[in-house]
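Peer 1: Let me see the structure of the following:
(2 chains)
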Amino acid sequence: MNLPKIHSITKKLFVALVGGFLLLFLLFHMTANLFILRHDDGQWYSDFCHFMGTNWVVKIFEIGLLGFIALHILLTIWLAVTNRLARPVRYHQPSRSKTHPGSKLMIWTGILIFVCLGLHFYDFYMVKVGVVKGEYMVSVENIGKAMQEQPNAMFDEEVIGFLDKIQKSGQLSMGSDMIHHLTYEDKETLKRLLPGSDPEPDFYYMTREKFSHLHIVIGYLIFFVIIFFHLMHAFPSAFQTLGLNNYKYNPIIEALGKIYTWIIVLGFAAVPILVYLGL
Amino acid sequence: MKFTLHIWRQENARAKGHFETYEIDNISADCSFLEMLDQLNEKLINDKIAHPVCFDNDCREGICGMCGLYINGRPHGNDDGVTTCQLHMRHFHDGDEIWVEPWRAKAFPIIKDLVVDRTAFDKIIQAGGYISATTGGVPDANNILIPKHKADQSMDAAACIGCGACVAACKNASAMLFVGAKVSHLALLPQGKPEAADRVKKMVCKMDELGFGGCTNTYACEAECPKQIKRQNIARLNRCWIAQAFGRDRRED
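Peer 2: Prediction:
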């Protein structure tokens, strides 16, 4: 197979540029995750998810993001294979040279992150797309609107029976205009009976439910230890590859890299810990 | 001092190599690593044990770049900023086991034992080509003004002796520090500017073609360079690469 000829530095430039975009995205994602910590019945977080799921600008970004993640992975694997081939016979003694922290593990931490990202996609993105079953919610307001659109629904026994069932199971929490904890079957029934009611995945309660299990919390924290090592090297490395590196800025870039990494890791890790502790 | 040496022996480029173990005694702490190998070779010849161990060396004062051995997991051994010929046995402990390997890279095939063919570096320099220089009378010393810091940085980059320790240390066998130094010492000076874009393009293309790996910013090269060439030269190489990629095609000038 003849692969297109792209020079090693060009490949790295793309990895760095895409990586830089992903670094910015992580900050954004972390800020959104912190909304889960608010005890507002998911008001802020759900509004945010609703915006992310419906805004067309976000949808374009979403396609770009998925493409960038794929490009980052493909290019780094391609580079790793070429780099491996550059030394067909390995040394007998392990290297004792001083190296930048995390730098030698990039491809391995990267692969682990990719695997964890797969799980993350299965748990959340696939639910959003509708491939995997999750937990759903619907706003009372939307149900009201849908009822007005279909006046016959008020006399439909099936609709009345279903709304009664939801109410009886206590899913309508006090002081909220949202009905939470709907199952996939409930959602499908609701969509069939009242198409305008627009039920959405309930990521707030799904996340809170997941983080109530200790093994998931521990797994999530291990995931961020791996991300910590990846980011520690990634941030200054992107600057070096883009040539934005000199004697004057190096200490600043290194320091910014450490601050960025700690903010990201602590920001993400705070959510499962505080949710598990019920704070 | 007494040492146990595990030395890579390989008859030629195609033969299969292996480690051979030799014991050596009565080594002065002040002798260099290469002098210690000389004594080993004398012993091997006099006692008719084996053929002498082949290793590259020339000036033995750290400026020619010929010597280069991978000693106990570090190119040029466990001292910073020195070549193998300047590494002294006082940096080891009496009774130490020492593993000696040749540089390992696809672009540096083994010739014999610890000797590798570093012609690849020459090819990269050749690909870089010449600089344009006016002929005629001797120019005035102040004709071209060069800031001191630029001259210093250029000189620091030009200190590269092309020993190949950067390639040997790099987990990807990448020659980016070498190419970075060679591109930098000309790119920093006005005399190197006319061909700067062409030079970086040709040298990087040659580097890729010869089978060196890519840089993953591990900086093992910087840690092991006997001339302490800095990673900033790799950043400059990247900058020059971007500049030439987005610059005008020089044939249109």
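Peer 1: give me the low-pLDDT residue ranges for chain B?
Peer 2: B:248-253 (pLDDT under 70).
Peer 1: For it, which segments count as strands?
Peer 2: B:3-9, B:18-24, B:70-71, B:74-75, B:97-101, B:110-112, B:115-116 (DSSP state E).
Peer 1: Remind me what the first one packs against, helices and strands.
Peer 2: For strand B:3-9, the contact count by 3 or more Cβ pairs under 8 Å, 6 or more residues apart in numbering or on different chains; DSSP states H and E identifies strand B:18-24, strand B:97-101 as packing neighbours. Every C-beta, even on glycine, is put in place using the N, C-alpha and C of the backbone.
Peer 1: cutoff 10 Å now
Peer 2: The elements that strand B:3-9 packs onto, with contact taken as 3 or more Cβ pairs under 10 Å, 6 or more residues apart in numbering or on different chains; DSSP states H and E, are strand B:18-24, helix B:33-46, strand B:97-101.
Peer 1: and the first one, what does it pack onto?
Peer 2: In this structure, strand B:18-24 packs against strand B:3-9, helix B:33-46, strand B:97-101, with contacts taken as 3+ Cβ pairs under 10 Å, 6+ apart.
Peer 1: what domains does the record give for chain A?
Peer 2: A:8-84+A:104-133+A:215-276, A:136-201 (automatic domain parsing).
Peer 1: Compare the ones you listed and say which comes out lowest on pLDDT.
Peer 2: Mean pLDDT is lowest for domain A:136-201 among those, at a mean of 73.
Peer 1: Give me the distance from that one to the chain's centre.
Peer 2: Computed by Cα atoms, centre = their mean, to the nearest Å, the chain-centroid distance of domain A:136-201 equals 28 Å.
Peer 1: Straight-line length of that domain, end to end?
Peer 2: Domain A:136-201 has an end-to-end distance of 4 Å (Cα to Cα, to the nearest Å).
Peer 1: For the stretch 1-150 of chain B, give the residue positioned nearest to chain A.
Peer 2: Residue nearest to chain A within the stretch 1-150 of chain B (Cβ to the nearest Cβ): residue B:73, separated by 3.8 Å.
Peer 1: OK, contacts around that residue?
Peer 2: A:91, A:92, A:93, A:94, A:95, A:96, A:97, B:99, B:101, B:169 (Cβ atoms under 10 Å, 6 or more residues apart in numbering or on different chains).
Peer 1: Report how many residues lie close to residue 224.
Peer 2: Unless you meant another one, I'm taking chain A. Residues lying near residue A:224 (other Cβ atoms under 10 Å in any protein chain shown) number 18.
Peer 1: meant chain B actually
Peer 2: Around residue B:224 there are 26 other residues, counting by other Cβ under 10 Å.
Peer 1: Would you agree it is in contact with residue B:80?
Peer 2: Yes - counting by Cβ atoms under 10 Å, residue B:224 does reach residue B:80; the two are 8.3 Å apart.
Peer 1: Now do the shared contacts for the two.
Peer 2: The contact sets of residue B:224 and residue B:80 overlap at A:98, B:74 (Cβ under 10 Å, 6+ apart).
Peer 1: coming back round to it: which among the contacts of residue B:73 count as buried?
Peer 2: By neighbour count, with 16 or more other Cβ atoms under 10 Å in any protein chain shown, those hold A:91, A:93, A:95, A:97, B:99, B:101, B:169 as buried.
Peer 1: distance of residue A:108 from chain B?
Peer 2: Residue A:108 sits at a distance of 12 Å from chain B (criterion: Cβ to the nearest Cβ, to the nearest Å).
Peer 1: Whichever strand or helix holds that residue: what's the following helix or strand?
Peer 2: Using DSSP states H and E, residue A:108 sits in helix A:106-120. Going down the chain from helix A:106-120, the next helix or strand is helix A:126-129, by DSSP H and E.
Peer 1: Name the residues of that next one that are buried.
Peer 2: Under the neighbour-count criterion of 16+ other Cβ under 10 Å, helix A:126-129 has A:127, A:128 buried.
Peer 1: what's it in contact with?
Peer 2: Here helix A:126-129 makes contact (Cβ under 10 Å, 6+ apart) with A:49, A:52-53, A:62, A:120-121, A:132-136, A:184, A:200-203, A:206.
Peer 1: Please flag which of these sit within strands.
Peer 2: Using DSSP E, these in strands are A:136, A:200, A:201.
Peer 1: Spit out the contact partners of the last one.
Peer 2: Contacts of residue A:201 were listed using Cβ under 10 Å, 6+ apart, and they are A:46, A:49, A:53, A:124, A:127-130, A:132-137, A:182, A:184, A:187.
Peer 1: ok, back up a step: which residues does the helix holding residue A:108 contact?
Peer 2: By Cβ under 10 Å, 6+ apart, helix A:106-120 touches A:15, A:69, A:72-73, A:76-77, A:79-81, A:83-84, A:100, A:102, A:105, A:125-126, A:219-220, A:222-234, A:237, B:216-218.
Peer 1: Narrow the contacts of residue A:201 to just the buried residues.
Peer 2: Buried among these (16+ other Cβ under 10 Å): A:46, A:49, A:124, A:127, A:128, A:134, A:135, A:136, A:137, A:182, A:187.
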